[in-house]
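# Pasting a predicted model and its sequence here:
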Amino acid sequence: MQRVLKISLVVTTLYVVATLVYGLRAHSLALMSEAGHNASDVLALLLSFVAVRFEARPATAKKTFGYRRAGVMAAFLNALSLMVVSVWIAWLAVERLITPVAVQPKVMMVVAVVGVLMNGAIAALLSRSSHDINIRGAFLHMLGDTLSTAAVIVGGAAIFYTGRTWIDPALSLVIAAVILWSSFGIVRETLNILLEGTPRGIDVGKIRTAMMDVGGVVEVHDLHVWSLGSNWHALASHVTVGDQTMDRLEEIQSALHCAVRDRFHIAHTTIQLDRERCETVNDCCSPGELSVVQMHAHHGHDHSHSH
């Protein structure tokens with residue numbers, strides 16, 4: 001994936017320069033909008049590349065979870081940059097609608113055809129890893145470019161045959177709307193991860209029910225589910241059990257882990273078994289209280305998370 005991102009960076013940078021030059025020459029706001037959008041793509045691809053490098057770093061004593069959030073931060077910044085670009089494009093489009101400028105539709109169409117081919121190829125390569133939110137952020141950038149550049153071709157043809165220059169800024173407004181819409185979903189998802197919200201598609205109520213169904217479990221409380229990255233979820237919980245033998249406690253704990261892993265695909269779990277409900281931390285730490293903590297690490301690393 002790093003190689004794909006490197007090639008995409010170089011090609012996109014060259015296209016930004018070409019689009020800006022020919023946009024100025026053709027007096028086309030739609031083409032200059034594309035240059036701005038593609039410039040944000042360069043930033044997006046660069047951020048994604050740096051994030052991929054950081055995510056590969058192992059966990060350390062100071063970074064016990066490693067750098068798994070690097071990709072989420074990159075996706076968040078990419079989406080914010082897209083929003084800024086969309087507002088900028090819309091502002092220029094409104095100005096152009098108020099003060100029309102003659103454009104050269106043939107130049108628009110030729111440059112846009114090159115853009116569709118380039119952006120389409122990059123988007124296709126990135127789509128193979130679009131399950132990762134970092135790569136999906138870069139993918140949405142390139143997909144948005146492909147669609148909006150295709151719109152420039154249509155607009156260039158419309159201007160060529162009708163002579164109506166207002167089509168150019170009108171297209172820019174459509175491009176801005178597409179960019180804004182595509183970036184909103186990424187911002188919402190990345191903020192949820194950064195704020196340690198419940199991962200998308202996971203129902204905490206169903207998890208609690210599945211854990212309660214395990215024999216010997218009296219109550220499930222302090223249940224937390226969060227994400228470190230787009231595909232890396234974790235769970236921590238206290239579980240109250242009846243008076244059980246040590247062997248039975250181990251069986252219950254194993255059953256709880258399997259229920260969470262098999263039904264909800266959460267492999268990193270921290271489950272504490274308590275004989276009675278702990279109202280305070282001191283209650284759980286009292287000499288007479290039995291607490292058993294079992295941790296299941298992900299990818300061979302031992303991590304911890306406190307609540």
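Looks like it came in fine.

# what's the helix or strand for residue 10?
Here residue 10, judged by DSSP states H and E, is contained in helix 2-26.

# Of all the residues in that helix, which ones are buried?
By 16 or more other Cβ atoms under 10 Å, the buried positions in helix 2-26 come out as 4-5, 8-9, 12-13, 15-16, 18-20, 22-23, 26. Just so you know, the C-beta spots here come from the backbone N, C-alpha and C atoms, and that holds for glycine as well.

# Could you list every helix and strand in contact with the next helix or strand after that helix?
Going down the chain from helix 2-26, the next helix or strand is helix 29-55, by DSSP H and E. Contacts defined by 3 or more Cβ pairs under 8 Å, 6 or more residues apart in numbering; DSSP states H and E place helix 29-55 against helix 2-26, helix 70-98, helix 105-127, helix 133-162, helix 167-194.

# Comparing these, which comes out most buried?
helix 133-162 (a mean of 22; mean count of other Cβ atoms under 10 Å).

# which secondary structure elements does it contact?
helix 2-26, helix 29-55, helix 70-98, helix 105-127, helix 167-194.

# Give me the distance between residue 269 and residue 59.
18 Å (Cβ to Cβ, to the nearest Å).

# same deal with residue 141?
Distance, residue 141 to residue 59, using Cβ to Cβ: 30 Å.

# mean confidence score for the helix holding residue 10?
Helix 2-26 shows a mean pLDDT of 83.

# residues making contact with it?
With Cβ atoms under 8 Å, 6 or more residues apart in numbering as the test, helix 2-26 has contacts from 28-32, 34-35, 38-39, 41-42, 45-46, 48-49, 52-53, 103-105, 107-108, 110-111, 114-115, 118, 122, 125-126, 138, 142.

# redo that, cut-off 6 Å
Residues from elsewhere that reach helix 2-26 (Cβ atoms under 6 Å, 6 or more residues apart in numbering): 31-32, 34-35, 38-39, 41-42, 45, 48-49, 52, 103-104, 107-108, 111, 118, 122, 125.

# Show me where the stretch 101-250 of the chain dips below the pLDDT cut-off.
Applying pLDDT under 70 to the stretch 101-250 of the chain flags the ranges 130-131, 230.

# Out of the buried residues of helix 2-26, the closest to residue 222 would be?
residue 5 (40.4 Å; Cβ to Cβ).

# Can you tell me the closest non-neighbouring residue to that closest one?
Nearest-residue entry for residue 5: residue 49, 4.3 Å, with adjacent residues in sequence omitted and distances by Cβ to Cβ, 6 or more residues apart in numbering.

# Make TSV out of the helices and strands packed on helix 133-162 and add distance to residue 222.
Formatted as TSV, the helices and strands packed on helix 133-162 follow (distance: least, Cβ to Cβ, whole Å):
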stretch	distance to residue 222
helix 2-26	40
helix 29-55	29
helix 70-98	25
helix 105-127	39
helix 167-194	20
